[in-house]
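*Asks:* pasting the sequence and the predicted coordinates here, then a few questions.
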Amino acid sequence: MNAPYASDPATALGRKFPEEEMSFRSCFQRDRDRIIHASAFRRLKHKTQVFVEHEGDYYRTRLTHSIEVAQVARTIASALGLNAELTEAVALAHDLGHPPFGHTGEDALHVLMKGFGGFDHNAQAIKIVTSLEQHYADFDGLNLTWETLEGIAKHNGPVVGDLPYALAEYDAVHDLELATHASAEAQVAALSDDIAYNNHDLHDGLRAGLFCDADIAQLPIVGAAYAEVDARYPNLESERRRHEALRRVFGVMVSDVITTSKTILEGTGARSARDIRYLGRPVVRFSESVWGDLQQIRGFLFTQMYRAPSVMEKRAEVTRVIHDLFPLFLSTPQTMPDNWYALAKGMDETATARIVCDYISGMTDRFALLEHARLLPDH
C-alpha cells in the first residue's frame, strides 16, 4: 500500500495533449513504456558513461547505467511506499538528453552554445520527450504526464535563475513549477543515480586498471566491505572477491537511503505528493555519515578515474570532435542530413545553432567519430 505522499496515478495532473487512459496500465506505466520505446532511449546503448563506447564491451554505457538506476529506484520507491512506476519512468529518462561522450560532450556543447542559450542535458531531455521524438500521429514528443516531465526537469532539485532555453521554452507553455522540489519519486531517481554511478564507476575503474582493489580498500564503506568478504570467504578468487565487496557497498548505500528517507518522510506530516513539493527541502537523502563517506569515494574517483591521464587524453580528443563538427554544421547546414537541413534552411544563426545542437546531441559516440572522420578527414 502506498504512502499518502506517494504520487497517485488516479489524481495525476494529466498530459499536455489529453488522451484516454488505459484500464490495464496506469498513466505512469504508459510513460515508462513510451520512454523505453523511444529512439533516444535506444541510442543510449552507444553513448558513453566515462569511457568512450567502443573501448570495451564490459564498461557501462548510458543505457546500462539507466537500467541500473531504474532497478535501484524501484527498490527504494517500493520500500518507501512511493509509486514505483513513476520512479522508474523518471530514472529511465534521466539521461536521455546526454550528448555523445558523456559529461565531456556536454561541457563542449555548453561552451559552443554560450551565445545561443547554453546546453544542459536535463533541459535537452525535456526537449526530446516533448518535441524531438516524432512518432505519434497526434503530437510531437511522447506526451508524458506532468509528473514525469516534472521529475525529468528537476529531479536534482528546484531549477531557478537563468533557465536553459530548452527548458524555459517548454515551461512557458506547460508550467512545471520549476521553483519547487520534485515529487519524492523523482528524488528517489536522483539518489539512485548517485548510488549506481558510485558503485559501477568503482567496477569500471578497476577493470580499466586505473586503480586496484588495495587502493579502494582504503576508502570508507569499501574497506569494511572487503574486510567482511575476506572474513567470510578466505582466499576467494579476486574477481569474485571484488564483486562480493562492491555489492555490499551497493547494499549499504541503498539501505541508508531507505532508512534515512523513511524517517524524514514520516516526520514531514505530508498528506499528498503536493505537500512534498512545497516542503522547501529534499526528503530523500543519505544520512550525514554515509554522505560524508560518499564524498570521499567521489573525490577518489574524480582524481583516479575521471581525471586519469588516459581518460583526460580521450576527453581532449572527443572535445575536439565536437568543436570541429559544430562550426561546420553551423556554417554549412547542408552537410547535415536532409531532414535536419530542412529545419535549418532560412533560419537565423541562433535558431540554426539550436538545430545543430539537437543534431549533435542526439549522436552516439560511434556516429560522431565516424561523421568527423568522413566530413573532416584532415582534422
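*Replies:* Yep, that arrived. Numbers count the residues shown, from 1 in each chain.

*Asks:* now the helices: where do they sit in the stretch 101-250 of the chain?
*Replies:* For the stretch 101-250 of the chain, helices defined by DSSP state H, counting those that start in this stretch occupy the ranges 102-112, 121-127, 146-154, 165-171, 184-207, 213-216, 222-232, 238-268.

*Asks:* which one of the ones you listed is the most hemmed in?
*Replies:* The highest average neighbour count among the helices of the stretch 101-250 of the chain, using mean count of other CB atoms under 10 Å, belongs to helix 146-154 at a mean of 27. In short, each C-beta sits where N, CA and C put it, glycine included.

*Asks:* could the helices of the stretch 101-250 of the chain be laid out in TSV, adding mean pLDDT and distance to P309?
*Replies:* Conversion of the helices of the stretch 101-250 of the chain to TSV gives the following (pLDDT from 0 to 100; distance: least, CB to CB, whole Å):
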stretch	mean pLDDT	distance to P309
helix 102-112	93	15
helix 121-127	96	26
helix 146-154	97	35
helix 165-171	94	34
helix 184-207	94	14
helix 213-216	97	16
helix 222-232	98	23
helix 238-268	97	23
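
*Asks:* which helix or which strand is home to the residue most central in space within the chain?
*Replies:* Central residue of the chain (CA atoms, centre = their mean): D95, 3.0 Å from the mean position. Assigned by DSSP states H and E, D95 belongs to neither a helix nor a strand.

*Asks:* ok so, going back, can you list the helices of the stretch 101-250 of the chain in TSV and add distance to D378?
*Replies:* Listed next are the helices of the stretch 101-250 of the chain as TSV, based on distance: least, CB to CB, whole Å:
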stretch	distance to D378
helix 102-112	20
helix 121-127	31
helix 146-154	40
helix 165-171	33
helix 184-207	34
helix 213-216	41
helix 222-232	47
helix 238-268	44
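
*Asks:* please tell me I have it right and N83 contacts N2.
*Replies:* Yes - counting by CB atoms under 8 Å, N2 is a contact partner of N83 at 6.3 Å.

*Asks:* the more surrounded of the two?
*Replies:* Legend: neighbour count by other CB atoms under 10 Å for N83 and N2, higher for N83 (26 against 14).

*Asks:* list the contacts for the more buried one?
*Replies:* By CB atoms under 8 Å, 6 or more residues apart in numbering, the contact set of N83 is 2, 6-9, 28, 77, 185.

*Asks:* ramachandran coordinates for it?
*Replies:* phi -80, psi 110 (degrees, to the nearest 10).

*Asks:* when you give positions from now on, start the count at 33
*Replies:* Sure, I'll start numbering at 33, so the last one becomes N115.

*Asks:* and it, what pLDDT?
*Replies:* Predicted confidence (pLDDT) for N115: 98.

*Asks:* how near is it to A38?
*Replies:* Using CB to CB, to the nearest Å, N115 is found at 5 Å from A38.

*Asks:* and for H213?
*Replies:* 15 Å.

*Asks:* do the same with L278
*Replies:* From L278 over to A38 (counting by CB to CB), the distance is 31 Å.

*Asks:* got it, and L362?
*Replies:* 46 Å.

*Asks:* any shared contact partners between N115 and A38?
*Replies:* Joint contacts of N115 and A38 (CB under 8 Å, 6+ apart) are E217.

*Asks:* domain boundaries for this protein, per the record?
*Replies:* The record's domain parsing of the chain by automatic domain parsing lists 56-203, 219-341, 343-407.

*Asks:* I'd like those domains written out as TSV, with distance to E209 added.
*Replies:* Shown next, in TSV, are these (distance: least, CB to CB, whole Å):
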stretch	distance to E209
domain 56-203	7
domain 219-341	7
domain 343-407	25
